[in-house]
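K.L.:
Using only what follows, build the 3D model:
(2 chains)
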Number of protein chains: 2
Amino acid sequence: MSKTFTATNPATGQAVGNPITEHSFEEVSAAIAAAEKIKAKFAATTPTQRAALLNAIADSIESEKEALAQISHLETALPMARVTGEVMRTVIQIRAFAELVKTGGHLLPIIDLADPNFQPVARPDLRKSQQPLGVVSIFAASNFPLAFSVAGGDSASALAAGCPVVVKAHPSHPNTCQVVYEAVTKAITAQGLPKEIFTLVQGVNPEITHWLAKDPLITAIGFTGSGLVGKLLIKLAQERPVPIPVFAEMGSLNPVFFTPTALVEKADELAKAAMDSALLGSGQFCTKPGIIVVPNDASGDKFIAQVQSYFSEQKVGPLLNKGIATRFIEAITSISKAKGVKVLTGVNNPDGYGVTPSIFVVDWADVKNHDDLLEEHFGPTSVIIRAPFDQYLAVAKAMSGQLASAIHAGNDEKLPELVSQLTQKAGRVIWNGFPTSVSVTAAQNHGGQWPASSSHTTSVGLDSLFRFVRPVVYQNFPDNQLPAELQNANPYAIERVVNGVRSNKAIN
Amino acid sequence: MSKTFTATNPATGQAVGNPITEHSFEEVSAAIAAAEKIKAKFAATTPTQRAALLNAIADSIESEKEALAQISHLETALPMARVTGEVMRTVIQIRAFAELVKTGGHLLPIIDLADPNFQPVARPDLRKSQQPLGVVSIFAASNFPLAFSVAGGDSASALAAGCPVVVKAHPSHPNTCQVVYEAVTKAITAQGLPKEIFTLVQGVNPEITHWLAKDPLITAIGFTGSGLVGKLLIKLAQERPVPIPVFAEMGSLNPVFFTPTALVEKADELAKAAMDSALLGSGQFCTKPGIIVVPNDASGDKFIAQVQSYFSEQKVGPLLNKGIATRFIEAITSISKAKGVKVLTGVNNPDGYGVTPSIFVVDWADVKNHDDLLEEHFGPTSVIIRAPFDQYLAVAKAMSGQLASAIHAGNDEKLPELVSQLTQKAGRVIWNGFPTSVSVTAAQNHGGQWPASSSHTTSVGLDSLFRFVRPVVYQNFPDNQLPAELQNANPYAIERVVNGVRSNKAIN
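P.N.:
Residues are numbered from 1 along each chain as shown, chains lettered A, B, ... in the order given. Alright, predicted model coming up:
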């Protein structure tokens, strides 16, 4: 008999939704094997077909907008406005990949025609394009029940690349996952494609992670979540007879630096904005400003005073699940006891997995006494570090890899060394802004040095597609046996680089 | 007192060149630390400056052409024509990177201007470019004393990316390494840049590999060589507190499939060409056809008969060093004893590290009796597998990842399934040709699935540069604090993607 589990409403601690059936090892293996069987068919879809599929998936998810907002609100306790917006982000980012794929932008064809005079030796005809890796396994994140979940950025980019996807649902929002899965499957079959392109795996059994990472037919893993699970996946992937890449986004502290000049100009406004950013989504963003650096002078005092008065009135929604709430309370309790740490508290939320927001203030000199201060803590907390302005560079240097980092400076203030240092650690550096809110666009980069990310890739934006492809070059092939994107006639009418020149013309 | 070692001429077994001083741990650490200190200065070089440096390095190496050919011939026993050609390949591939860098092709700037109407939320100004990783460590290969050695493709691509390079010389050709190093350093200082951009580490001490892989300032590793050392580097890199990428090209079998139709047309010509490819460079190419698949019918018999008569007259130059020669003889001895394996031998070379070329012929049904048959053996040997044509797909499926694979087919013969299967394993698939000879060009791909390569990247051609950069996005930055390639004025006058459109214009 199959085992089942039930989701919990974090606002009440009560069960929500239907009993969810756990997938067994046999079911997971069978799903992966079935995906492997149809991968060539999916890989062979034309840019037009694949774009149509992505748009159909987006439309199908959008048609469930109200249902998805409702159930994800119940499963995550995130506000209705937030989850409604997140449905649309999910839909919009799938459509962005459709636009990219429609123009063949996923294929990157490079053609170097045969050249008998090429140096040092004659060059054969070489035609390269990017081809999908094969079946990939995606792990849904807890904190974005839609945009980083079943049909979130990782899945969308893998599908756009032409890879069948096996997604592990996050057990905190399994009903949301199920609705998205059904919407995606409906779109796939309506497009005349095999439903095995996309499979959902449900369960609370931690072994499922091992099954997915170890299956010999899985070619890559996309993961957004904790460093603990991310590192486990990397270990499992490396121990395979054939290791596979793990694209893990494992969170971040996203340090925000305030210069004295910035605070002299507007300490009050910035203090409030910093707290709003830190408490957004109950502090459950991978881009939360977990470290806030302010000067240990009068401007810093003003900032702290404003934080104290503003923060004391702040209350946030319950955390996503019991585990997150428990770990948050443990971390807060532990850090509160550290030498030199002052604790500021907000308003307790007594409902369900509600907690008390807590901000720590500590001198830079005391940070070394407590390793925990430079680690990510999911939930409504940040550490305000007070440091002499001339030590900001040293503070930046002491940080590990980050997804993002921000500087608030005065008008015309220039900080080339600090900027340069932050770009060594963070994949995104922000001027006079906060790290929360990540646009899904071509120029975006959501990835940073270890341990923020496991690779130098982005998990947000169009470039995330290129995690799931690999180059293949065809040497001296007969035209009619080349993939269409490399044939002389350019049947897809896409842009290609031919002998170093971009062109969407046919080759004569 | 410093330890020294001396190179050996593989043709005589006698010492050649100067005594070479081993680098100590302290010297290696100091070189890396010195490179770290100047990395920002090097990263900040403009496209023009960096291209000028690369061209100066190429010129400086070319000016040592005769000396390099002479010493590398003595240290490797490779023919003069081969090493002379390899100097030019080395020079030409550095110049190809200069051309790429001159146009800013290494920076890939993508700019998405702020858009208040962007969906689902307003978009900030986002400007992304590729930035060098930092100090990288390159390991020179034994079998290409120039093109994959000190200033070979790995070093050239890392320098083009803007990364200071610390190269581990191959102890089989340390004098060649030294001449190249001095030529590179001369060019660097003549360009007014710090010589710490490029360091050579010499030694036979296996600990040097560990020092380089473990140094916390090393950000990536480029390696071409054996699976044994490649896997060691990957392990060391993964065990670091901050893991780093290892771009390892670890060799390959490069299976070549002959269809019955191809052999009916020209078995004799193809048999000779296959042997020439297998014996090129004494069989010491990572693209050697280590597996040759022919039908178990009359056309295959004809091919084998021609191999037997042609091969029996073949003699090749000595192997590169004692270790390679010893391992070759051990492998040949072991495989010769395997059930069902027939051995064809060429002419023994009694000089220095000379060996007897050996070809094995085995039925596909017997391959499973000897794992060694499907592993790479460096030196003048290949395995000819005889299989029914309808089992070629199964043979291809049984192969592990490959750098390259080739099919010889008849006129108008179509093999979509076999081609598709080979593209799942190999980074390059060749029609009616042989895997040896790899053009250095934009469309090239020299990399394949594990264990041929450790990542989905190429180590030959322009795209190899992108192994050594990572994306950084600047959000809402003041124009004058952006890197030049992202500033409105487009001071480098390079092509950028602005709001999805390619342009080399300034932004108003």
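K.L.:
Pull the CA coordinates from stretch A:143-151 and hand them back as PDB.
P.N.:
Only the C-alpha atoms of stretch A:143-151 are listed here, as PDB (Å, rounded to 0.1, in the frame of the first residue of the first chain):
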ATOM      1  CA  ASN A 143      10.400  29.700  -0.500                       C
ATOM      2  CA  PHE A 144       9.100  30.300  -4.000                       C
ATOM      3  CA  PRO A 145       6.200  27.900  -4.400                       C
ATOM      4  CA  LEU A 146       5.800  28.800  -8.000                       C
ATOM      5  CA  ALA A 147       8.700  30.800  -9.500                       C
ATOM      6  CA  PHE A 148      11.400  28.400  -8.200                       C
ATOM      7  CA  SER A 149       9.200  25.400  -7.900                       C
ATOM      8  CA  VAL A 150       7.800  22.800 -10.300                       C
ATOM      9  CA  ALA A 151       7.600  25.000 -13.300                       C
END
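K.L.:
longest helix in chain A, by residue count?
P.N.:
For chain A, the longest helix by residue count, based on DSSP state H, is helix A:80-102.
K.L.:
Now do it: distance to the chain's middle.
P.N.:
14 Å (C-alpha atoms, centre = their mean, to the nearest Å).
K.L.:
can you check stretch A:256-272 too?
P.N.:
29 Å.
K.L.:
do the same with stretch A:301-314
P.N.:
On C-alpha atoms, centre = their mean, the centre of stretch A:301-314 falls 31 Å from that of its chain.
K.L.:
Identify all contacting residues around it.
P.N.:
Residues outside stretch A:301-314 that contact it (C-beta atoms under 8 Å, 6 or more residues apart in numbering or on different chains): A:258, A:263, A:267-268, A:270-272, A:274-275, A:279, A:294, A:344-347, A:357, A:359, A:361, A:380, A:384, A:386. Quick note: C-beta positions are derived from backbone N, CA and C, even for glycine.
K.L.:
Going through those, which ones are buried?
P.N.:
Using 16 or more other C-beta atoms under 10 Å in any protein chain shown as the burial test, the contacts of stretch A:301-314 include A:258, A:263, A:267, A:270-272, A:274-275, A:279, A:294, A:344-346, A:357, A:359, A:361, A:380, A:384, A:386 as buried.
K.L.:
picking up where we left off before, out of the contacts of stretch A:301-314, list just those in helices.
P.N.:
Among the contacts of stretch A:301-314, the members found in helices (DSSP H) are A:263, A:267-268, A:270-272, A:274-275, A:279.
K.L.:
where along the stretch 1-150 of chain A do the strands fall?
P.N.:
For the stretch 1-150 of chain A, the strands defined by DSSP state E, counting those that start in this stretch cover A:4-9, A:14-21, A:110-112, A:126-132, A:136-139.
K.L.:
Need the contact partners of the fourth one.
P.N.:
I take that to be strand A:126-132. Applying C-beta under 8 Å, 6+ apart, the set of residues contacting strand A:126-132 is A:39, A:42-43, A:106-112, A:161-163, A:466, A:468-475, A:477, A:482-483, A:485-486, B:423, B:439, B:441, B:443-445.
K.L.:
Tell me how many other residues surround the residue in the stretch 251-400 of chain A positioned nearest to chain B.
P.N.:
Proximity of the stretch 251-400 of chain A to chain B (C-beta to the nearest C-beta) peaks at A:S400, 7.6 Å away. Neighbourhood size, A:S400 [other C-beta atoms under 10 Å in any protein chain shown]: 17.
K.L.:
repeat for A:E207
P.N.:
Using other C-beta under 10 Å, A:E207 has 10 other residues around it.
K.L.:
what's the pLDDT at the residue nearest to it when sequence neighbours are not counted?
P.N.:
Of all residues not flanking A:E207 in the chain, A:F25 sits nearest, at 7.5 Å (C-beta to C-beta, 6 or more residues apart in numbering or on different chains). Per-residue pLDDT puts A:F25 at 98.
K.L.:
now do A:M1
P.N.:
Reported pLDDT for A:M1: 58.
K.L.:
re the thing from before, against chain B, how distant is the residue nearest to A:E207?
P.N.:
24 Å (C-beta to the nearest C-beta, to the nearest Å).
K.L.:
Ok, A:Y474 next?
P.N.:
Distance from A:Y474 to chain B, counting by C-beta to the nearest C-beta: 6 Å.
K.L.:
Name the SS class of that residue, please.
P.N.:
Here A:Y474 is recorded as strand under DSSP: H, G, I helix; E, B strand; the rest coil.
K.L.:
right, and it touches B:N432 too?
P.N.:
No - contact criterion C-beta atoms under 8 Å: A:Y474 and B:N432 do not qualify, at 12.0 Å.
K.L.:
Between those two, point out the one with more neighbours.
P.N.:
A:Y474 (24 against 17).
K.L.:
The more buried one: what's it in contact with?
P.N.:
Contacts of A:Y474 by C-beta under 8 Å, 6+ apart are A:126-128, A:482-483, A:486, B:428-429, B:431.
K.L.:
at 10 Å what do you get?
P.N.:
Neighbouring residues of A:Y474 by C-beta atoms under 10 Å, 6 or more residues apart in numbering or on different chains: A:111, A:125-129, A:481-483, A:486, B:419, B:423, B:428-431, B:443, B:445.
K.L.:
A:L319: what's it in contact with?
P.N.:
Going by C-beta under 10 Å, 6+ apart, A:L319 touches A:10, A:76-77, A:142-143, A:282-284, A:325-329, A:349, A:352-355, A:378-380.
K.L.:
Around chain B, which positions in the stretch 201-350 of chain A sit nearby?
P.N.:
Residues of the stretch 201-350 of chain A lying near chain B by C-beta under 10 Å from any C-beta of the partner chain: A:219-220, A:231, A:234-235, A:238, A:240-245.
K.L.:
what's the distance between the residue in the stretch 151-300 of chain A that chain B sits nearest to and A:T219?
P.N.:
As assessed by C-beta to the nearest C-beta, chain B sits closest to A:V242 within the stretch 151-300 of chain A, at 4.8 Å. To A:T219, A:V242 is 9 Å away according to C-beta to C-beta, to the nearest Å.
K.L.:
Give me the pLDDT value at the nearest residue to A:A190 once chain neighbours are set aside.
P.N.:
Excluding the flanking residues, the one nearest A:A190 by C-beta to C-beta, 6+ apart is A:A56, at 6.2 Å. In this model, A:A56 is scored at 98, pLDDT.
K.L.:
What degree of burial does A:A56 show, as a neighbour count?
P.N.:
Residues near A:A56, counting by other C-beta under 10 Å: 21.
K.L.:
contacting residues around it?
P.N.:
Contacts of A:A56 by C-beta under 10 Å, 6+ apart are A:94, A:98, A:183-184, A:186-191, A:193.
K.L.:
Of those residues, which belong to helices?
P.N.:
A:94, A:98, A:183-184, A:186-190.
K.L.:
how close does the closest residue to A:V121 other than its chain neighbours sit to B:F285?
P.N.:
Computed as C-beta to C-beta, 6+ apart, the closest residue to A:V121 that is not its neighbour in sequence is B:S437, at 6.4 Å. As judged by C-beta to C-beta, B:S437 and B:F285 stand 9 Å apart.
K.L.:
and A:Q202, what does it touch?
P.N.:
Counted by C-beta under 10 Å, 6+ apart, A:Q202 has contacts A:4-5, A:20-23, A:27, A:167-171, A:174-175, A:177-178, A:181, A:208.
K.L.:
From those, list the buried ones, please.
P.N.:
A:5, A:20, A:22-23, A:27, A:167-171, A:174-175, A:177-178, A:181, A:208.
K.L.:
Right, I'll call it a day here.
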